[in-house]
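Q: build me a model:
(chains A and B)
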Amino acid sequence: MAYISQYQYYENGGNQPEDANWGSYQYVSLEDIVTNFQLMYADNHTLVNNEERYKILFHAKRAIQELNYDAFKEIKVLQLTVGEECRFILPSDYVNWVRISYYKDGVIRPMTENIQVNSSLAYLQDNTTRILFDHTGAALSPQFSDLDIARITGQKPSIYLNRLSPYFGLLGFEFEGCWYFDFPIGARYGLNTETANANPTFRIDNKAGVINFDSLMKNESCILEYVSDGMENGDNSKITVNKLFEEYVYAYITYTILNSKFGVQEYVVNRARKNKTALLRNAKIRLSNIHPGRLLMNLRGRDKWIK
Amino acid sequence: MINQVRNTVLAVLNKNNYGYISPSDFNLFAEQAQLDLFEDYFYAYNYQVNKENARQSGTGYADLKKGYEEVIDTFSVSATLSQIGLPGSAVFSVPTTATTGSNYYFINKILCGSNLREAERVHQNKITLLNQSLLTAPSDLYPAYTMEGSLITLYPGNFNVVGFQPGDVLCQYIRFPKTPKWTYIEITGGEPVFSQSQPDYQDFELPLDDQTDLTMKILQYAGVSIRESEVVQYSSSKEAQEMQQEK
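A: Numbering: from 1, shown residues only, chains lettered A, B, ... in the order given. The predicted structure is shown next:
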């Protein structure tokens, strides 16, 4: 990709969208990576030769996918309102979640993943509990299982300390400045920290492609922070990688090709592997961007007295 | 060069009264010899690449590969491919005398689309799988092509279907050398006299340093033709000696 003028950078040459090139200099495109690799690393006199371009493209994309999963700190954020069915459909480029928050009154409240099952598939049954089938032999399913209905309608008590907790709103009494509560059975000793959260809860159904919330999230705003694989919905021209990882991607392609090629000496493969690993480590350190300015504010607290 | 080659061939053949070859025979032998040497350039090029990888080749004037490249490049042609079928079709004809002015020996690259992206040659046994691949399916950015008979099919199938412009598919290839032809004017009762002003005259297209090889090759064919094993042996040994020196 050619260098662009300042006008092209700031205002996209007068075209829309204006911000198309903002920050683009941090990245190198997939097209450049494949071209550069073919020019510089795949030739008659290099370790990689006679290799089809689609293989290079494949390994380049795989490298970018792997980087997107953990090394890049590029979190995508999507805010949506949860509907009546208390679910949030995962974004089309979703691979894994980082954090899910409940946004209310201008405050972002990170939510806790529910450790209990909150959604299930169900089959219709007759009064003798036999499963009902359609004419193709497939079992008939209701739209929602009883578990789902209980969750959506708020009939399912929560083990979390939110409004669905069986202890929520219990009457207590004050004695000498302390509040005491009665409990239905036995007594409560201490706090289960795992479930001590007042916010709504969620559970991700990966196969169904949805996040199921408890009824407290009905018509509430949810913020999903997630990672994608950087494939930009299959548009090759939009796939980019941070320049700090450029050399690593070349090393990754070299390694994977040599590793899968017949007759390449083991020491050559090992050299390529070590090179790839070292470059990934370097790139991660660079991307972590540790510098005095960042540490300064934290280190200022080092003499603070802990009460 | 063709006249010098012919004169040398005739001189060698006449030295011991081995015989004479007619202009038409000479032209046939000349074509065969040139094709043979032309193809040898690709093998020689590959040989030099391997020598370089074995660190047995030099730079500067010792860079023999560069010389071979230069000769091969003299046969390089860039031409627009002819579309087969309806406008928007992704099927094109391979370079032929009828479509691009010359037959191809080796297609080096095919560029397509308004941005002239290089299409990759994909074997027939891979193209189906490649089209089904999520990560590497041919796209506008990374087009591919297959060859079948005299047809080239570009992928993706809908490549530039909308707004396809003639000239959007270019091919750079190595053509075959033109058929050499020693032409002459008849004079009554005598030898044919060389004339390069004839419309069908065609000199050898190989460089001057191939003159010896061409002569030896033609002598081999001529020796076989006139059943003179000594001529064949002589020219074969000379050719082998020449090849050994060039390595």
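
Q: contacting residues for the residue in the stretch 151-300 of chain A that chain B sits nearest to?
A: Closest to chain B within the stretch 151-300 of chain A is A:N236: 4.4 Å, counting by Cβ to the nearest Cβ. The way it works is simple: take the backbone N, C-alpha and C, and place the C-beta from them, glycine included. Shown in contact with A:N236 (Cβ atoms under 8 Å, 6 or more residues apart in numbering or on different chains): A:L30, A:E31, B:S139, B:L141, B:Y142.

Q: helices and strands around the biggest helix by length in chain B, which ones?
A: When chain B is scanned for its longest helix (criterion: DSSP state H), the result is helix B:23-53. Helices and strands touching helix B:23-53, as assessed by 3 or more Cβ pairs under 8 Å, 6 or more residues apart in numbering or on different chains; DSSP states H and E, comprise helix B:2-15, helix B:64-73, helix B:211-225.

Q: the last one packs against which elements?
A: Spelled out, it's helix B:211-225. Using 3+ Cβ pairs under 8 Å, 6+ apart: helix B:211-225 touches helix B:2-15, helix B:23-53, helix B:229-246.

Q: what residues sit buried inside that helix?
A: Within helix B:211-225, the residues scored as buried using 16 or more other Cβ atoms under 10 Å in any protein chain shown are B:Q211, B:D213, B:L214, B:T215, B:M216, B:K217, B:I218, B:L219, B:Q220, B:Y221, B:A222, B:G223.

Q: thinking again about what came up before, just put the contacts of A:N236 in a markdown table and tack on distance to B:T183 and pLDDT.
A: Below are the contacts of A:N236 laid out as a markdown table (distance: Cβ to Cβ, whole Å; pLDDT from 0 to 100):
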| residue | distance to B:T183 | pLDDT |
| --- | --- | --- |
| A:L30 | 56 | 93 |
| A:E31 | 52 | 91 |
| B:S139 | 52 | 87 |
| B:L141 | 51 | 87 |
| B:Y142 | 49 | 90 |
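
Q: nearest to chain A, of the buried residues of helix B:211-225?
A: Chain A has its nearest neighbour among the buried residues of helix B:211-225 in B:D213, at 25.1 Å by Cβ to the nearest Cβ.

Q: show the pLDDT at the closest one.
A: In this model, B:D213 is scored at 85, pLDDT.

Q: is it in contact with B:A240, as I believe?
A: No: if you go by Cβ atoms under 8 Å, B:D213 and B:A240 don't touch, sitting 11.0 Å apart.

Q: can you count the residues close to residue 124?
A: Using chain A. By other Cβ atoms under 10 Å in any protein chain shown, 13 other residues sit near A:L124.

Q: hm, I was asking about chain B
A: 10.

Q: and for B:I187?
A: Neighbours around B:I187, by other Cβ under 10 Å: 9.

Q: same thing with the one 4 residues further on?
A: By other Cβ under 10 Å, the residues close to B:E191 number 10.

Q: quick check: pLDDT value at the residue nearest in space to the middle of chain B.
A: Geometric centre of chain B, nearest residue: B:F176, 3.2 Å, by Cα atoms, centre = their mean. pLDDT for B:F176: 93.

Q: show me the contacts for the residue lying closest to A:D134 once chain neighbours are set aside.
A: Closest residue in space to A:D134, ignoring its immediate chain neighbours: A:L140 at 5.8 Å, by Cβ to Cβ, 6 or more residues apart in numbering or on different chains. If you count contacts by Cβ under 8 Å, 6+ apart, A:L140 has them with A:Y123, A:L124, A:I131, A:L132, A:F133, A:D134.

Q: what's the closest of those residues to A:V268?
A: A:Y123 (57.0 Å; Cβ to Cβ).
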